[in-house]
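Visitor: What would the 3D arrangement of this be:
(chains A and B)
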Amino acid sequence: LSTAALIPLNDQRPAANPTAPTSTSEGKGDGLLISAKGLGQRSILLALLQIYADPRGLVLLLNTPQREIDVLKEDLMAMHAATDIADSLPPASAQRARSPAAANDAQGEDAAADVSDGGQDSAEAVGGPEFFRTINNETTSAERAHLYLAGGVLSVTSQILVVDMLNKVIPVNKILGIIVNHAHRVNDTSMEAFILRLFRDDNKEGFIKALSDEPEAFTRGYWKLERSMKTLFLRHVFLWPRFHMTVQENVEKGKVELHECKVKLTQPMKEIQAGLIDCIDQCLAELRRSNPTMDADELTVENAFFRSFDQIVRSQLDPVWHRVSSKTKLLVADLKILRRLLSYLISYDCVTFNSFLETIVAANATDASAVFRSEARQSPWLLLDSAQLVLQAARQRVYRRLAGELQNAEGAVKDLGIPPNVEPVLEEQPKWRVLRDIMREIERDRARRADAGEVPGSVLIMVDGDRACRQLREILSRCDLTYVKPEPLDVDADPNEKRNGESSRKRKARHEESGKTGSEQLLTRLLRNYFRWKGGMAAVSKNLFRKGRASKLTTTNTTTSYAARGRGGSTGGRGQPLAAKRRRTRGGGAAGADAGRSAEPNLPGIGDTGLPITFEQEAEQIADYLSQVDPHASQAEPHLLDHDQPDLVDPVIVQSQAFGGERNNDGHSWGVIPPAQLVIVRPYATTSMALAGGSASNGDDDARVLEDIRPEYVVLYDPDLGFVRRVECYKALNTLRKLRVYYLVYENSVEEQRFLSLIRNEKAAFEKLIREKGIMAIPIDQDGRVSKDPDAEFWRTIDTRLAGGQIISAANRDQVVVDVREFRSSLPALLHAAHLNLRACTLAVGDYVLSPSVCVERKSLPDLVGSLKSGRLYSQCEAMSLHYKTPVLLIEFEKSKAGFFSGEGKEIDSRDVGARLALLVLHFQKLRIVWSSSPAATAEIFVELKKNQEEPDMKAAMAVGVDSSEAIDSAYSITPSDVLRSLPGITSKNYRRVMSQVRDLKALSELDLEACCALVGKEFGTQLHAFFRADPKDEATLVGV
Amino acid sequence: RRAGASRTGNSIIVNSCQRGNGILKYIRNVPWEYGPIVPDYQIGETACALFLSLKYHRLHPDYVYTRIKQLGQSFLIRVLLCVVDIDDHQSSIRDLTRIAVYNSFTIILAWSAEEAGRYLETFKAYEHKPPDLLKERVDPDYLAKLTDAITQIKSINKTDVITLASAFGSLKNIIAASPDDLEQCPGFGKEKVRRLHEAFNEPFLLNKKRRS
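Guide: Modelled structure (predicted):
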């Protein structure tokens, strides 16, 4: 094996298994590794997994999402297989067989040797991937107990692990060690911290290794690094920035041929960008004005470009969030939207961008006119001049309105399903053109090399997000890249590749078409959808007038199902199903479903809804127009529709299939299609929902892709810091491979600025961490390996009240039953620290049970406010009062003053928290309130409350409220009465009467009008009677309900 | 039972020992008058409040015990209104919490005399107010009402409600549907059907026998 192959991964290995001399010999395997993004942390994790996937010891892997586990598992399997090959083959060929895996593996063995130095078993060929297993909420407790004893590496959901540790299902003292992945997500109140504490309580020998590739996260807040190390029970931190000398040297061994392409923004794009930035600026200024307490230094435009800005704002506002004005809340939300707009400007095509903008406008308009949304007001930024400019420019990129009405009604435009007085502009994204140029260059290069007898490699294009990825794929597959690829021979190639081939055939046929074809078709189709959407919008907002947000969803459905129908290829009728479908949306729910199958040219009057802005009127016109033209349009260009249909479906969904296929069959499809023809467009793993199965993954998937595909040309369509590093690492590991990288970035754009500040921030973060590391004060016993005061330990386990301490009954003393959901807060950990014995289970009523009669519902201040409003607290108190003698409401107010009444109000205002709280007290005589300034104070109060009380019974606590028929204190069954009380016409005053007069809900539903009125009075009786009989399918019955 | 209580009418009755208390001037929206009562304030037919300043409590920790003892078992709603006028309040609150919980008192913390006054007048003003304000507010359209009603049953979600409504139509029909019919609906497993059926057919009043 060439040594170069081990670099730079090899260099980081000491970090994970530090060999540096330490004061205690035991702490040798412990450490926190913080590396720069993309520097191959996955390899370290894999090496660790390989070592510990061994039945002789139990190692826990924390904080790792399922998606990452799956990938790790696959890789582990591959490495295992590679080891087998490596055993039978000389090293050189082994490397050729699967070089990265082999390299990792060798490293793993190295590391294994290291560990065996540390006095632990080496992992030679005993374990295997089968000893890397997962425990999640689907694993039953019996299986879990078995798995814990079986050893190997177990990835456990933190919540489950806490419960198992507390309930002693897992033998804590037998655990070999814990690996904490994504260590930056662990803070002193997180569940992982509690796990580590429980672990260290009972286990002084096991190791703790923590990994993180987000240095920035350790610089937020005061002494975050030091505090993190404390929570992680670690004394050593290892920093591996990109500018570390060793990393530098190693990465530079493989020089990457880099072509940087600066792309200019178009004029309207520049205008939009400037406008949006101006809006952000004004929003920030407004935010500063209305909240003088906020730290103005943090509120800069540049900070606002990053997602972390939300955290900054929230962390500043959180303590006072319940008192913050609704305007401020709106501003915070607006900033979020504006930031998204900025990035959409670059990643979305012009049509989608415009419709997103219009959705925002529409949502705001409907909000403003809504009667019931007094709190939500129109976003202030929409009223700014620059916002108007943005809206204008965004539209200009899409289409122009012609002055004269209906001038070219019979022209070509009409066929495309575009209203007559509109001329499409359809500005291309500038990067599309550049990408096509690059692809031509690459194809030329490939052709040249193919002529020279070489085998050119594949092309990998990395994009932000699924949508952009899908669009690029379409554009590239349709455009002429001059060099005509040979047809792929295999029919079984994955669908995506097949489409490539298909279109290349078509391309030959339509060779004269310009390179723009792909994007033009794409944009035209999007434009048609857009107008269709706008038409649908008018109808939906008519029916669900107040539900502007919902409308978007409905229309999406319309287009999707249209796509499905169109695909079915019903001849001639394509326009009609659409019309019917759209009518249904218009009819509101199911009301108009069966109305008209025929495509009616004239719509029933929509014009009278009185919606405020021209947007609506325009939408109506378009809807009108479309209903007349649609059938015609769809027939006029059949071929266009045919190809387009699959893409009409929501991009993300298609994506997952296309990509899932590619990933899963990589085994054969790579074999069949020669890499010389392969162009792969792929979203960054961090930006793609489809790839990660709905949850964002960390970027390590991308590194895997590089190793799998081994491209020779990489195009970074969107900049991504982690991926740049990954390419560097890949090149350094494969110095002999050719690799040419194109890097596209918009000049003078937010994108560029964002990328540069990312690099800058990371560097600054590392510098700060290095400084902090130098002056950090770490107590010797921070690693928790030193036993606590033995005296205290002794007294803790002994109860002197029973036979003077001769009978040890510690395990059953000071018990608190805790609801599993509560482990998300820091209180359980502090209760544990206060020497209370926690019993974790799922409680239906309450959060904590202190004694058979005392049950506690915990509410933080924001929770309290929310649940007083939503009514949740009422039902919770009701349930607690029903089942416990002493229901307790625990209010965690912040250290600062709470202030439950608003301002200097002279009147009693029922919206005040204090007023509602008073009402609550009046209605629940048994309810006690515990006020606590901090979780630590709560722990003390709990200890105090538990004095001289009986111990709670976990089984009894779990049974409470679970099945209504077993209810102890109730004379009526809970669920039916809940349903009853939520019926219209039933009030808190009359429900008891109803329950005593009527047997059950069924009987109630069958009562006739007279009986109803006799029961609850005329008005309520009518309401109740009508509600039972209202049928959503029949509009007439809904009147008055 | 209500020893020491007097007919209250519309005003808060104040024990004359509270004369000079700063919070009295913040009882603005409800009339108050002095009267011969055991607690400090009588804020309702069956509700009373003791007033305690934490500063005073720290100096005279026994005071609150004597007052509670005097009160005995009278009144249903017993509020211990504490004004937090010291910075280091944690231990005082801890002690008071224990006293309150096991003597059937509900602690209310106020951070100022004004806030304390607001609480008192709110208690009085809301004496006969129904708790509807605290309950879930239901949106007035049909679907929201229907959703609210049916989702009271455990494990039924909003989608299920729409499924039910579109399959059976009116709520009456949904209730009348047989378990077999219900099971035909997409997303309805055995458990869900059982819960629905039970909720609709279980009598409101359980075990009348045990009760009587």
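Visitor: from the middle of its chain, how far away would stretch B:149-168 be?
Guide: A distance of 29 Å separates the centroid of the chain from that of stretch B:149-168, by Cα atoms, centre = their mean, to the nearest Å.
Visitor: Packing partners of whichever strand or helix holds A:Leu769?
Guide: Counting by DSSP states H and E, the element that carries A:Leu769 is helix A:750-775. Helix A:750-775 is packed against helix A:224-231, strand A:237-240, helix A:326-347, helix A:721-733, strand A:740-746, with contacts defined by 3 or more Cβ pairs under 8 Å, 6 or more residues apart in numbering or on different chains; DSSP states H and E. Quick note: C-beta positions are derived from backbone N, CA and C, even for glycine.
Visitor: Return the most buried member of those.
Guide: helix A:721-733 (a mean of 23; mean count of other Cβ atoms under 10 Å in any protein chain shown).
Visitor: elements contacting it?
Guide: Counting by 3+ Cβ pairs under 8 Å, 6+ apart, helix A:721-733 packs on helix A:99-117, helix A:245-253, helix A:700-709, strand A:713-716, helix A:750-775.
Visitor: count of neighbours near B:Leu143?
Guide: For B:Leu143, the neighbour count with other Cβ atoms under 10 Å in any protein chain shown is 15.
Visitor: whoops, A:Leu460 was the one
Guide: So A:Leu460, with other Cβ under 10 Å, has 23 neighbours.
Visitor: Which strand residues bridge it?
Guide: When assigned by DSSP bridges, A:Leu460 has beta-bridge partners A:Ile680, A:Val714.
Visitor: Okay, strands next: where are they in the stretch 801-950 of chain A?
Guide: For the stretch 801-950 of chain A, the strands defined by DSSP state E, counting those that start in this stretch cover A:815-819, A:837-841, A:848-851, A:854-860, A:886-892, A:928-932.
Visitor: Check chain B too.
Guide: B:12-14, B:32-34, B:41-42, B:47-53, B:77-83, B:106-110 (DSSP state E).
Visitor: now for those strands, which one comes closest to A:Leu331?
Guide: Nearest to A:Leu331, of all the strands of chain B, is strand B:106-110, at 31.5 Å by Cβ to Cβ.
Visitor: Give me the angle between that closest one and strand B:77-83.
Guide: Angle of strand B:106-110 versus strand B:77-83, following axes from the mean of the first three to the mean of the last three Cα atoms, to 10 degrees, is 30 degrees.
Visitor: which residues touch strand B:106-110?
Guide: A:893, A:898, A:917-918, A:921, A:927-931, B:77-84, B:93, B:96-97, B:100, B:116, B:118-119 (Cβ atoms under 8 Å, 6 or more residues apart in numbering or on different chains).
Visitor: at 6 Å instead, please
Guide: A:921, A:928-929, A:931, B:79-84, B:100, B:116, B:119 (Cβ atoms under 6 Å, 6 or more residues apart in numbering or on different chains).
Visitor: coming back round to it: and of the strands of the stretch 801-950 of chain A, who's closest to A:Leu276?
Guide: It's strand A:854-860; of the strands of the stretch 801-950 of chain A, that one is closest to A:Leu276 (Cβ to Cβ) at 35.3 Å.
Visitor: Who are the packing partners of that closest one?
Guide: strand A:886-892 (3 or more Cβ pairs under 6 Å, 6 or more residues apart in numbering or on different chains; DSSP states H and E).
Visitor: Mind listing the strands the strand it packs on pairs with, and their directions?
Guide: strand A:854-860 (parallel), strand A:928-932 (parallel).
Visitor: Reformat these as CSV; add mean pLDDT.
Guide: What follows is those, written out as CSV (pLDDT from 0 to 100):
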stretch, mean pLDDT
strand A:854-860, 91
strand A:928-932, 90
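Visitor: Would you mind putting those into a markdown table with mean neighbour count alongside?
Guide: Converted to a markdown table, those look like this (neighbours: other Cβ atoms under 10 Å in any protein chain shown):
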| stretch | mean neighbour count |
| --- | --- |
| strand A:854-860 | 23 |
| strand A:928-932 | 23 |
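Visitor: out of those strands, nearest to A:Asp1008?
Guide: Nearest of the strands paired with strand A:886-892 (Cβ to Cβ): strand A:854-860, 42.1 Å.
Visitor: orientation of the closest one relative to strand A:815-819 in degrees?
Guide: 50 degrees.
Visitor: Then A:Leu33 would be within a strand, right?
Guide: Yes. Counting by DSSP: H, G, I helix; E, B strand; the rest coil, A:Leu33 falls inside a strand.
Visitor: I'd like to know which elements the helix or strand hosting A:Ile44 is packed against.
Guide: Secondary structure assignment for A:Ile44, by DSSP H and E: helix A:41-52. Contact analysis of helix A:41-52 by 3+ Cβ pairs under 6 Å, 6+ apart lists helix A:9-16, helix A:99-117 as its packing neighbours.
Visitor: contacts for stretch A:993-1000?
Guide: Contacts for stretch A:993-1000 (Cβ under 6 Å, 6+ apart): A:972, A:1004, B:201, B:203-204.
Visitor: meant to ask about stretch A:884-894, not that
Guide: Identification of contacts with stretch A:884-894 by Cβ under 6 Å, 6+ apart yields A:319, A:853-861, A:864, A:880-881, A:926-932.
Visitor: thinking again about what came up before, and of the strands of the stretch 801-950 of chain A, who's closest to A:Ala145?
Guide: Among the strands of the stretch 801-950 of chain A, strand A:837-841 sits nearest to A:Ala145 (Cβ to Cβ), with 15.1 Å.
Visitor: Would you mind getting the angle between that closest one and strand A:815-819?
Guide: Using the same axes, to 10 degrees: strand A:837-841 against strand A:815-819 is 30 degrees.
Visitor: From the contact counts, what lies against strand A:837-841?
Guide: Against strand A:837-841 (3+ Cβ pairs under 6 Å, 6+ apart) you get helix A:158-166, strand A:815-819, helix A:954-959.
Visitor: can you rerun that using 8 Å?
Guide: helix A:158-166, strand A:815-819, helix A:827-833, helix A:954-959.
Visitor: got TSV for the ones you listed, with mean pLDDT and mean neighbour count too?
Guide: As requested, the helices and strands packed on strand A:837-841 are exported to TSV (pLDDT from 0 to 100; neighbours: other Cβ atoms under 10 Å in any protein chain shown):
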stretch	mean pLDDT	mean neighbour count
helix A:158-166	84	22
strand A:815-819	88	24
helix A:827-833	86	22
helix A:954-959	79	17
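Visitor: any chance of these in JSON lines, plus distance to A:Arg288?
Guide: Shown next, in JSON lines, are these (distance: least, Cβ to Cβ, whole Å):
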{"stretch": "helix A:158-166", "distance to A:Arg288": "38"}
{"stretch": "strand A:815-819", "distance to A:Arg288": "41"}
{"stretch": "helix A:827-833", "distance to A:Arg288": "35"}
{"stretch": "helix A:954-959", "distance to A:Arg288": "49"}
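Visitor: Next, the buried residues of stretch A:387-401.
Guide: Residues A:387, A:389-391, A:393-399 are the ones in stretch A:387-401 that count as buried (16 or more other Cβ atoms under 10 Å in any protein chain shown).
Visitor: Let me see the mean pLDDT of it.
Guide: Averaged over stretch A:387-401, pLDDT sits at 86.
Visitor: Touching it from outside, list them.
Guide: Outside stretch A:387-401, the residues that reach it (Cβ under 8 Å, 6+ apart) are A:266, A:268-269, A:271-272, A:275-276, A:279, A:341, A:350-351, A:353-354, A:357, A:361, A:381, A:418, A:421-427, A:527, A:530.
Visitor: do stretch A:749-761 as well
Guide: Outside stretch A:749-761, the residues that reach it (Cβ under 8 Å, 6+ apart) are A:216, A:265, A:273, A:277, A:302, A:305-306, A:342-343, A:345-346, A:718-719, A:721, A:745-746.
Visitor: Pull out the buried positions in it.
Guide: A:749-752, A:754-755, A:758, A:761.
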